[in-house]
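Enquirer: structure for the following, please:
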Amino acid sequence: MRTRPPLPLRPGRRRLRAAPALTTAALLAALALSGCSGGTAEEAEPAPLSTAVDAGASASADPSADPSAGPTEQVVTTMTTFSSPTGNISCYLAPVEGSGPYARCDIAEKTWEADPPEAGCAGDWGGTAGARGSVGVGDDEAAVLCATDTVASEGAQVLQYGSSIRMDDLTCVSADTGMACDNSRTGRGFTVSKARHVLR
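Expert: From the prediction side, this is the model:
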């Protein structure tokens, strides 16, 4: 039976640092220089997290992100949870101490089956038809997993079709045919959907 790294602890949410307040004199000077009168200053909206490169913070984004924004490419360095647009596939990418990153995806509804491990399964076997399925890949070969938990999270960002998320050599890509996670260094990976799973 293949074992998987334990689910890393989720990083705590970081508070955003407030911008320093403008003094009245500075605000009047700015208005005078810009030629504005009687208007109010508006804060520029930050770029959506789904299009940003993560420099160390958790990359959980608003799951209601605008799907018309187009495909995005993310690079993350901390544990990141995400889901397919349908919500049927929930995944995480996480660093593993002393090893490369690990990707796991859980399927809420599926029709495929996989042979159980010869040694049995201490948790829920993710290969039974009609049951929640779990697959994962890291530095070793991809595998259907025994799991006692789920990676599904209401706060997970939605990875729109055509978008990708990468941690080191491990990249997951969302498509209308399923979620694919591949390790470019080892050539190992998986594609998983409601109807099928492929281990590479």
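Enquirer: residue 173 touches residue 163, doesn't it?
Expert: Yes: counting by Cβ atoms under 8 Å, residue 173 touches residue 163, with 7.4 Å between them. (Glycine included, C-beta is placed from N, CA and C.)
Enquirer: what about those two, which has more around it?
Expert: Set side by side, residue 173 and residue 163 show more neighbours around residue 163, with 24 against 19, by other Cβ atoms under 10 Å.
Enquirer: what's the pLDDT at the more buried one?
Expert: For residue 163, the pLDDT comes out at 97.
Enquirer: do the same with residue 186
Expert: Looking at residue 186, the pLDDT reads 96.
Enquirer: count the residues that sit near the nearest residue to it once chain neighbours are set aside.
Expert: With Cβ to Cβ, 6 or more residues apart in numbering as the criterion, residue 186 has its nearest non-adjacent residue at 6.1 Å, and that residue is residue 139. Counted with other Cβ under 10 Å, residues neighbouring residue 139 total 16.
Enquirer: residue contacts, residue 139?
Expert: Residue 139 makes contact with 99-100, 183, 185-186, 188 under the criterion Cβ atoms under 8 Å, 6 or more residues apart in numbering.
Enquirer: try residue 177
Expert: With Cβ under 8 Å, 6+ apart, residue 177 has these contacts: 191, 193.
Enquirer: quick one: it from residue 84, how far?
Expert: According to Cβ to Cβ, to the nearest Å, residue 177 stands 11 Å off from residue 84.
Enquirer: over to residue 168?
Expert: From residue 168 across to residue 84, the span is 22 Å (Cβ to Cβ).
Enquirer: for the two, indicate the residue with more neighbours.
Expert: Comparing residue 168 with residue 84 by other Cβ under 10 Å, the one with more neighbours is residue 84, at 24 against 15.
Enquirer: return the closest of the contacts of residue 139 with respect to residue 111.
Expert: Checking the contacts of residue 139 against residue 111 by Cβ to Cβ gives residue 188 as the nearest, at 24.5 Å.
Enquirer: which parts of this structure are strands?
Expert: When assigned using DSSP state E, the strands of the chain occupy the ranges 73-75, 80-83, 89-94, 102-107, 124-125, 133-137, 143-144, 146-147, 157-158, 164-167, 170-175, 178-183, 189-192, 197-199.
Enquirer: mean pLDDT lowest where, among these?
Expert: strand 124-125 (a mean of 76).
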